[in-house]
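[1] Requesting a structural model of the entry that follows:
(one chain, ligands or ions: 1)
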Amino acid sequence: MELFTDDVRRNPFPLYARLRADSPLLHEPREDLWILFDYDSVKWALQDHDAFSSVVTTETGTTPDWLLFSDPPRHTKLRGIIMRAFTPRSIANLEPHVRELSRELLDVTVERGELDLVADYSSQLPAMVIAKMIGIPVEDRARFLRWGDIIMKLSYTIAGGDESKRAMVENAAARDEMRTYLAGILDERRRAPRDDLLTRLVEAEVDGERLDAKELLGFFQLLLAAGTETTTNLINNALLCFMESPDQLARLKAEPGLLPLAIEEVLRFRSPAQSMFRSTKRAVELHGRVIPEGKFVLPMIGSANRDPKQFREPERFDIGRDPNPHLAFGHGIHFCLGAALSRMEARVALTDLLERLRDFRLASDEPWQPRQALHVHGPTRLPLRFEP
Ligand code: HEM
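    Numbering: from 1, shown residues only. Predicted coordinates for the structure are as follows:
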């Protein structure tokens, strides 16, 4: 499908603009996907859980039993369990740790005058932060990073094809490893509780019952999947945006107070999560057509965020844009739990990167290689050269 070639993945925005103008609702018959492109429909699908369920079934089977893929009332209960880990105070407490990690990662590489932003920095920072938040011991972090990667690849299965089969086999093996690992570490927390998310999960109850092993594994996988690659790509995509719009980089340097708005603009302009998934709970009428019940729907966040009906000059990257009601973190009851955390990580990361990678530019003339996952937008590698 045209939507998923590498060229389009690098720059899907002209295609979105064309489709949005032609017909903001596209039915892709081969995979029986219904794709929404305009801001209002995307926002509606994200928030109306009576019409659009988060429990999605694809050709390759049902999605995991995660908070992200659940509807009320179960969703309300599951979300309540981990919500307290994401209070403003918990995020503020993590900030010094993020600063230290960021500095350490850059200390190792900056003198070389060259780095692969993804491998050397942006994939490491969020994974280490989430590992710290969950309570994973430092010596297990490498394993944790690898699992994160494997779980993310599982989202390829939604697009079908060879890659999807490979991802499923890899994931099944990793799931066994994770289950064994998690059983051990949760046992430790039962014996010796600590102030971390693992302890909270062990102690949490839904309807008076403790979470079972499958549910615990689900939380662990969800946080790994949701908390890593999205933030990695927020950092990557920020640097891509600045390389494409040097005037905006100069503006940020002159007015560093614009950083929080600049981060919102990156989220809008190159949204790390280009789409979410829903399935219709009933027949839904949209743009004069009917999506039958039980169909797989992709609300394209990346397209909604460029809708000219909502944003003035949507194809312009403008770090002073305010207000900026983008949908990059979703909308409604599933609104991203990690939004404040990833905003903080991006703030720390960009402050350090813009200071320490002076005059950064792509190290190669080759176009960057996009992530193969259907809904993830960002590079697999981003080799940069700069003045140390
Ligand atoms: C949900 C995007 C970072 C944890 C979501 C949703 C989006 C999103 C669009 C809504 C899903 C839906 O409506 O179906 C992003 C982006 C991020 C980011 C763009 C970074 C730039 C994080 C981080 C964490 C996290 C750092 C955790 C450490 C979650 C969780 C949910 C979620 C647990 C599910 C909430 C629910 O279903 O109630 N995220 N996310 N996210 N996100 Fe994030």
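[2] going forward, measure contacts between C-alpha atoms and count neighbours the same way
    Fine.
[3] Could I get the contacting residues of the residue of the stretch 101-250 of the chain found nearest the ligand?
    Scanning the stretch 101-250 of the chain for the residue nearest the ligand gives Gly227, at 3.5 Å (criterion: CA to the nearest ligand atom). When contacts are counted by CA atoms under 8 Å, 6 or more residues apart in numbering, Gly227 touches Pro126, Ala127, Ile130, Gly338.
[4] Which two of the residues you listed have the greatest separation?
    Spatial extent of the contacts of Gly227 (CA to CA) is set by the pair Ala127 and Gly338 at 12.8 Å.
[5] which one of the two has more residues nearby?
    Summary of the neighbour comparison: Ala127 and Gly338, criterion other CA atoms under 10 Å, with Ala127 having more neighbours (26 against 20).
[6] Mind telling me what element the more buried one is part of?
    The secondary structure element spanning Ala127 is helix 124-134 (assigned by DSSP states H and E).
[7] Now the element after that helix, going C-ward?
    Toward the C-terminus, helix 124-134 is succeeded by helix 141-153 as the next helix or strand (DSSP H and E).
[8] part of a strand, is Asp50?
    No: Asp50: not assigned to a strand; according to DSSP: H, G, I helix; E, B strand; the rest coil it is coil.
[9] Give me the distance between the nearest residue to it once chain neighbours are set aside and Ile301.
    Closest residue to Asp50 apart from its sequence neighbours, by CA to CA, 6 or more residues apart in numbering: Lys281 at 6.9 Å. Using CA to CA, to the nearest Å, one obtains 20 Å as the distance from Lys281 to Ile301.
[10] and if you look at Leu217?
    Summarising the geometry, the distance separating Leu217 from Ile301, computed by CA to CA, is 28 Å.
[11] neighbour count winner among these two?
    When neighbours are counted by other CA under 10 Å, Leu217 and Ile301 differ, and Ile301 comes out ahead with 29 against 19.
[12] residue boundaries of the helices in the stretch 101-250 of the chain?
    124-134, 141-153, 162-191, 197-203, 213-227, 229-244, 246-254 (DSSP state H, counting those that start in this stretch).
[13] Make a markdown table from these and add mean pLDDT to it.
    As requested, these are exported to a markdown table (pLDDT from 0 to 100):
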| stretch | mean pLDDT |
| --- | --- |
| helix 124-134 | 91 |
| helix 141-153 | 80 |
| helix 162-191 | 81 |
| helix 197-203 | 88 |
| helix 213-227 | 85 |
| helix 229-244 | 96 |
| helix 246-254 | 98 |
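[14] thinking again about what came up before, filter the contacts of Gly227 by proximity to the ligand?
    Restricting those to those touching the ligand (CA under 6 Å from any ligand atom) yields Ile130, Gly338.
[15] Including distance to Leu15, could the contacts of Gly227 go into TSV?
    As requested, the contacts of Gly227 are exported to TSV (distance: CA to CA, whole Å):
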residue	distance to Leu15
Pro126	31
Ala127	32
Ile130	35
Gly338	30
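[16] show me what contacts whichever residue of the stretch 1-150 of the chain sits closest to the ligand?
    Sorted by distance to the ligand under CA to the nearest ligand atom, the residues of the stretch 1-150 of the chain start with Leu68, at 3.4 Å. For Leu68, the contact set (CA under 8 Å, 6+ apart) comprises Ser54, His75, Leu222, His334.
[17] How about the residues of the stretch 251-388 of the chain by the ligand?
    With CA under 6 Å from any ligand atom as the criterion, the stretch 251-388 of the chain meets the ligand at residues 272-273, 276, 328-330, 333-339, 341-342.
[18] can you do 8 Å?
    With CA under 8 Å from any ligand atom as the criterion, the stretch 251-388 of the chain comes near the ligand at residues 267, 271-273, 275-278, 301, 327-343.
[19] So which of those residues belong to helices?
    In this view, those that belong to helices under DSSP state H are Leu267, Ile301, Ala339, Ala340, Leu341, Ser342, Arg343.
[20] Tell me the pLDDT of the last one.
    Which is Arg343. The score at Arg343 is 98. That number is its pLDDT.
[21] What is the burial count for it?
    Using other CA under 10 Å, Arg343 has 18 other residues around it.
[22] Give me the pLDDT value at the nearest residue to Glu28 once chain neighbours are set aside.
    Closest residue in space to Glu28, ignoring its immediate chain neighbours: Trp34 at 6.3 Å, by CA to CA, 6+ apart. Per-residue confidence (pLDDT) for Trp34: 95.
[23] Confirm that Trp34 sits in a helix.
    No: the assignment for Trp34 by three-state DSSP gives strand, which leaves it out of any helix.
[24] residues contacting it?
    Residues in contact with Trp34, defined by CA under 8 Å, 6+ apart, are Leu25, Leu26, His27, Glu28, Ile291, Lys295, Phe296, Val297, Leu298.
[25] Turn the buried ones among those residues into a named PyMOL selection, would you?
    For selection in PyMOL, the members of the contacts of Trp34 meeting the burial criterion (16 or more other CA atoms under 10 Å) are listed in this command:
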select buried, resi 25+26+291+295+296+297+298
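[26] Show me which of the contacts of Trp34 is closest to Ala85.
    Proximity of the contacts of Trp34 to Ala85 was ranked by CA to CA; the top entry is Leu298 with 29.1 Å.
[27] for the host helix or strand of that closest one, packing partners?
    Secondary-structure element containing Leu298, defined by DSSP H and E: strand 296-299. On a contact count with 3 or more CA pairs under 8 Å, 6 or more residues apart in numbering; DSSP states H and E, strand 296-299 meets strand 33-36, helix 39-47, strand 278-280.
[28] Most tightly packed of those?
    strand 278-280 (a mean of 24; mean count of other CA atoms under 10 Å).
[29] Who are the packing partners of the helix or strand just after it?
    On the C-terminal side of strand 278-280, the closest following helix or strand by DSSP H and E is strand 284-286. Contact analysis of strand 284-286 by 3+ CA pairs under 8 Å, 6+ apart lists strand 289-291 as its packing neighbours.
[30] chain center to the strand it packs on: distance?
    From the chain centre to the centre of strand 289-291 is a distance of 29 Å (CA atoms, centre = their mean, to the nearest Å).
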